[in-house]
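Novice: what's the 3D shape of this:
(chains A, B, C and D)
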There are 2 protein chains.
Amino acid sequence: MTSTEKTSTEKTSTERTPLRPTRQRTAVVEAMASFDDFRSAQDIHDLLGRGATPVGLATVYRTLNALVEAGEVDMLRTEDGEAIYRRCSETHHHHLVCRSCGATIEVEGPAVERWTRSIAAEHGYADVSHTLEIFGTCRRCS
Amino acid sequence: MTSTEKTSTEKTSTERTPLRPTRQRTAVVEAMASFDDFRSAQDIHDLLGRGATPVGLATVYRTLNALVEAGEVDMLRTEDGEAIYRRCSETHHHHLVCRSCGATIEVEGPAVERWTRSIAAEHGYADVSHTLEIFGTCRRCS
DNA sequence: CGATCAATTGAGAATCGTTGTCAAAGTGGT
DNA sequence: ACCACTTTGACAACGATTCTCAATTGATCG
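Specialist: From the prediction side, this is the model:
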């Protein structure tokens, strides 16, 4: 038996939610590890539903959002506004996503990064961030 | 042009829909000419509602989509997936948007266009489109 | 061990943006 | 004016996401 003892009261005063490692949270994380493309929350929910650990849709959404917040999952929007998720690597990157099957390739574009930064600076915009996604139809789907 | 450039032939062969200049379509176009920032379809609908020419919400959506299709209006999505619209200039471009006040500057990046196209081609993706928006805090807001 | 208490869950209701439906009204061409 | 075809709008339908809230779970402490 693993008696996990926390070093006294580590509760950092204010708004940080403890975030307990529950059965369903683990399930979601594992599910995210099981595929490489971007999937919608509903897809992920279905995936879990068929498995041994069904997780409520609301919980899937909650967990997914938490993971995005924590930077462990990438979230982007399809052309019609639906959110799709995927576990992400640490480095900053962009995606080349197949519109029909979702196959994703991570791409980097140092030049683009530089460009956006300079454009922003040129106009006096601070705190710059940007979104860049490329959509297309992959070879197998066309 | 939109910040989402389609390199495909969307509407095939079939003749272009006539697109008649009706009272409500004119009203929407005029409304679009009356502001410089991105607004949601509902905002635009409200705007018209207060004016002398109310237009049904469905029609606003239809018209807006037609305008986007025709390349006369830019459409992009907010962080939470809502579509926002703005009249746009002729050329393909992207936007530098102030996160807090919405002030928008159109920017062009031929290099980026070329880059995305080549990346896609390199991986065998056809029908390429892309989205690129830059967010920051403008001078006045920071 | 058992009580306690807050975090968490899930089923379904509620939102919200957007699109579909369809009868009624408008438009252009003849 | 007549006809064929758009277009419109009120409202229903939809799909994605969030909210509600009672029931459950997990961690902690005595």
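Novice: CA only for contacts and neighbour counts going forward, please
Specialist: Noted.
Novice: and chain A, what are its domains?
Specialist: Annotated domains of chain A cover A:21-88, A:90-141 [the TED database].
Novice: now do the same end-to-end measure for the first one.
Specialist: It stands for domain A:21-88. Taking C-alpha to C-alpha, to the nearest Å as the measure, domain A:21-88 stretches 20 Å from start to finish.
Novice: quick check, that domain touching chain B?
Specialist: Yes - legend: contact between domain A:21-88 and chain B by C-alpha under 8 Å from any C-alpha of the partner chain is shown at A:77, A:81-83.
Novice: just name the closest of these to DNA strand C, please.
Specialist: Checking these against DNA strand C with C-alpha to the nearest atom of the strand, the nearest one is A:Gly81 at 7.7 Å.
Novice: so who does the closest one touch?
Specialist: B:77, B:81-83 (C-alpha atoms under 8 Å, 6 or more residues apart in numbering or on different chains).
Novice: which two among these are spaced furthest apart?
Specialist: B:Gly81 and B:Ala83 (6.4 Å; C-alpha to C-alpha).
Novice: and the contacts of A:Gly81, which are buried?
Specialist: By neighbour count, with 16 or more other C-alpha atoms under 10 Å in any protein chain shown, the contacts of A:Gly81 hold B:77, B:81, B:83 as buried.
Novice: so which of the residues you listed are also by DNA strand C?
Specialist: Filtering these for proximity to DNA strand C by C-alpha under 7 Å from any atom of the strand leaves B:Ala83.
Novice: re the thing from before, quick check: which of the domains of chain A is nearest to B:Glu72?
Specialist: domain A:21-88 (18.3 Å).
Novice: report the distance from that closest one to the chain centre.
Specialist: Domain A:21-88 sits 8 Å away from the centroid of its parent chain (C-alpha atoms, centre = their mean, to the nearest Å).
Novice: do that domain and DNA strand D meet at all?
Specialist: Yes - using C-alpha under 7 Å from any atom of the strand, domain A:21-88 reaches DNA strand D at A:21-23, A:40-42, A:57-58, A:61-62, A:65, A:81-84.
Novice: packing partners for the lengthiest strand in chain A?
Specialist: Criterion DSSP state E: the longest strand present in chain A is strand A:126-137. If you count contacts as 3 or more C-alpha pairs under 8 Å, 6 or more residues apart in numbering or on different chains; DSSP states H and E, strand A:126-137 packs onto strand A:94-98, helix A:110-122, helix B:110-122, strand B:126-137.
Novice: who in chain A is up against DNA strand C?
Specialist: So far as C-alpha under 7 Å from any atom of the strand goes, chain A lies against DNA strand C at A:17-25, A:54-60, A:62-63.
Novice: quick one on the thing from earlier: now, which of the residues of domain A:21-88 next to DNA strand D lie within helices?
Specialist: A:23, A:41-42, A:57-58, A:61-62, A:65 (DSSP state H).
Novice: check contacts around the residue nearest to A:Phe35 when sequence neighbours are not counted.
Specialist: In space, and not counting its chain neighbours, A:Phe35 is closest to A:Arg86: 8.0 Å by C-alpha to C-alpha, 6 or more residues apart in numbering or on different chains. A:Arg86 makes contact with A:32, A:35-39, A:73-75, according to C-alpha under 8 Å, 6+ apart.
Novice: assign a three-state SS to A:Arg86, would you?
Specialist: Under the three-state scheme (DSSP: H, G, I helix; E, B strand; the rest coil), A:Arg86 adopts strand.
Novice: now A:Thr26
Specialist: Assignment for A:Thr26 (three-state DSSP): helix.
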